[in-house]
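*Asks:* Provided below are the primary sequence and the corresponding predicted coordinates.
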Amino acid sequence: MNEKENPYKKLINEKQIETVKSISNLDDGKLYFMNYVADYKLNKLLKSNVTDLNLLIKFVENELLNNKEFKGENTGGDIDAGCSSFVARTPDDHIILCRNFDYKMDMTAVMMKTSPNDGYESMGMVDTGWITEGERTLYGIGSLDDGKTDLSMTMAFPYLIMDGMNEKGLAICVLKLEGAPTRQNTGKEKITTTSAMRMVLDKAANVGEALELLQNYDMESSLPEGNFHFQLVDIEGNSVVLEYCKNAMTVLKKNYVTNFYLANRMNGLGHGYDRYKILEAVLSFREDTTKNLKPLPRMNKHEAMSLLELVSQEETEDTTSMTQWSVIYDLTEYSAIFNVRREYDNQFIFNGFVKNRLNL
């Protein structure tokens, strides 16, 4: 933190204060680290039928903060946002999930560690841009240690991860889709996109457990327009893409994905075909079908990050999407290598704590 500490007027306990005091600026306000040690009341949220970002913010106000003064509203975002992800095996047989988060919005990124009392420890990347006050993003670049921005709403960060991995070696990321938003209505408890990711990381040890958990809920897209699909992978190399096709849960055994539906019934609705074709060409060439191993492409982390750079998206005036971060989760050793804003020569590593910058 800066010498002039940010306020946190609405926090209600010492663990929350400890959490905001853990925030550290890693890269000129574009990237922070947070050790979230407070209770974010996941079990209560899962019974609250939170179905969109506005209701999520209200849950945080009502359950985690001491007043209701925050009047934020979340918009639908840009329909042309795009991401890329793939799964690979390193030469020493580590399973890695590699992912670009592409979205053009005012935000800063946060690598966050969570350690719930009744769940698995996890790490994940937070997009802070979803928290707004009117038309203004509350947590933009440099805001988390500027000495003036109230940090109370950082208590929502566990529910704003876009990708992550838990201590059991299960990783998940979300990618945006076009088309009608998922609105399942079978009478089960409701769950929304990012809350589902939080639940999976806290409660599932592998892909099978994650899918079983998700089957117990009716999925609701976080946004009023547009949809999402997920990539999940575990330490055994089980890799799937999970889609909700016309409100039907669909699981595809696939180890790379961009921003169009892979399920045949959706006829390729979406975009990101150019990035997908690049991934397909490289990964199919590298596929290792060694007996007794799940068939996955084999590459080291330097090669994987180079492939992420190849399919990254540069910010220009006319682009509708840009790469906010690139991250490689190592499920075998429970670590992550990451960078922001296409700064591929400025990498960070997280392995229980943030180490120094390194050059891959």
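*Replies:* It's in.
*Asks:* Wait, Gly82 touches Thr258, no?
*Replies:* Yes - between Gly82 and Thr258 there is a contact under CB atoms under 8 Å: 6.6 Å. The C-beta positions use only the backbone N, C-alpha and C, and glycine is treated the same way.
*Asks:* Can you check which residues contact both of these two?
*Replies:* Taking CB atoms under 8 Å, 6 or more residues apart in numbering as the contact criterion, the residues that touch both Gly82 and Thr258 are Leu175, His271, Gly272, Arg275.
*Asks:* among those, who's most crowded?
*Replies:* Tallying neighbours with other CB atoms under 10 Å puts Leu175 at the head of the shared contacts of Gly82 and Thr258, with 27 neighbours.
*Asks:* Lys188 versus Asp218, what's the distance?
*Replies:* Distance check for Asp218 against Lys188: by CB to CB, to the nearest Å, it reads 5 Å.
*Asks:* Also Ser24?
*Replies:* Relative to Lys188, Ser24 is positioned 40 Å away (criterion: CB to CB).
*Asks:* More neighbours: these two, which one.
*Replies:* Neighbour count, other CB under 10 Å: between Ser24 and Lys188, Ser24 has more, with 15 against 12.
*Asks:* Beta-bridge partners for the more buried one, please?
*Replies:* According to DSSP bridges, the residues that bridge with Ser24 are Phe33.
*Asks:* Please verify my assumption that it contacts Asn35.
*Replies:* No - Ser24 is beyond contact range of Asn35, at 9.1 Å (criterion: CB under 8 Å).
*Asks:* Helices of the protein, residue ranges please.
*Replies:* If you assign secondary structure with DSSP state H, the helices in the chain sit at 14-21, 42-45, 53-64, 193-203, 207-214, 273-285, 301-310.
*Asks:* Ok, which of those comes nearest Gly142?
*Replies:* Closest of the helices of the chain to Gly142 is helix 14-21, at 15.9 Å (criterion: CB to CB).
*Asks:* Buried residues, that closest one. List them.
*Replies:* Gln16, Thr19, Val20 (16 or more other CB atoms under 10 Å).
*Asks:* Neighbours of the closest residue to Gly270 other than its chain neighbours, how many?
*Replies:* Nearest residue to Gly270 in three dimensions, chain neighbours excluded: Phe260, at 2.9 Å (CB to CB, 6 or more residues apart in numbering). A count of nearby residues for Phe260, using other CB under 10 Å, gives 20.
*Asks:* Was I right to think Phe260 contacts Arg275?
*Replies:* No - at 10.1 Å, Phe260 does not count as touching Arg275 under the criterion of CB under 8 Å.
*Asks:* Low-confidence stretches in the stretch 251-360 of the chain?
*Replies:* Low-confidence segments of the stretch 251-360 of the chain, defined by pLDDT under 70: 291-292, 317-320, 352-360.
*Asks:* typed the wrong thing, it's the stretch 1-150 of the chain
*Replies:* For the stretch 1-150 of the chain, residues meeting the criterion pLDDT under 70 lie at 1-3, 67-80.
*Asks:* residue contacts, the residue positioned nearest the centre of the chain?
*Replies:* Within the chain, the residue whose C-alpha comes closest to the C-alpha centroid is Met162; the distance, by CA atoms, centre = their mean, is 1.5 Å. In this structure, Met162 makes contact with Phe101, Gly124, Met125, Val126, Asp127, Cys173, Val174, Thr194, judged by CB under 8 Å, 6+ apart.
*Asks:* Let me know whether the second one touches Phe157 as I believe.
*Replies:* By that I understand Gly124. No - if you go by CB under 8 Å, Gly124 and Phe157 don't touch, sitting 9.2 Å apart.
*Asks:* what's the overlap in contacts for those two?
*Replies:* With CB under 8 Å, 6+ apart, Gly124 and Phe157 have common neighbours Met112.
*Asks:* Please look at Met165 and Leu331 and confirm they touch.
*Replies:* Yes - assessed by CB under 8 Å, Met165 is found in contact with Leu331 at 6.2 Å.
*Asks:* Residues that sit against both of the two, list them.
*Replies:* By the contact definition CB under 8 Å, 6+ apart, Met165 and Leu331 are jointly contacted by Leu97, Ala171.
*Asks:* So if I had to pick from those two, which one is more boxed in?
*Replies:* With neighbours defined as other CB under 10 Å, Met165 and Leu331 compare such that Met165 has more, 29 against 22.
*Asks:* Send me stretch 254-264 as CSV with only the CA atoms.
*Replies:* The C-alpha trace of stretch 254-264 is given here as CSV (Å, rounded to 0.1, in the frame of the first residue of the first chain):
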residue,chain,number,x,y,z
LYS,A,254,-11.8,-30.6,-25.8
ASN,A,255,-8.6,-29.0,-24.7
TYR,A,256,-8.8,-25.6,-26.5
VAL,A,257,-11.5,-23.1,-27.1
THR,A,258,-12.2,-19.4,-28.1
ASN,A,259,-15.5,-17.6,-28.5
PHE,A,260,-17.8,-19.8,-30.5
TYR,A,261,-19.9,-22.8,-29.6
LEU,A,262,-18.2,-26.1,-30.1
ALA,A,263,-21.4,-28.2,-29.8
ASN,A,264,-22.7,-29.2,-33.2
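*Asks:* now it, how far from the centre of its chain.
*Replies:* For stretch 254-264, the separation from the chain centroid amounts to 17 Å (computed by CA atoms, centre = their mean, to the nearest Å).
*Asks:* With stretch 60-67 instead?
*Replies:* Offset of stretch 60-67 from its chain centre (CA atoms, centre = their mean): 23 Å.
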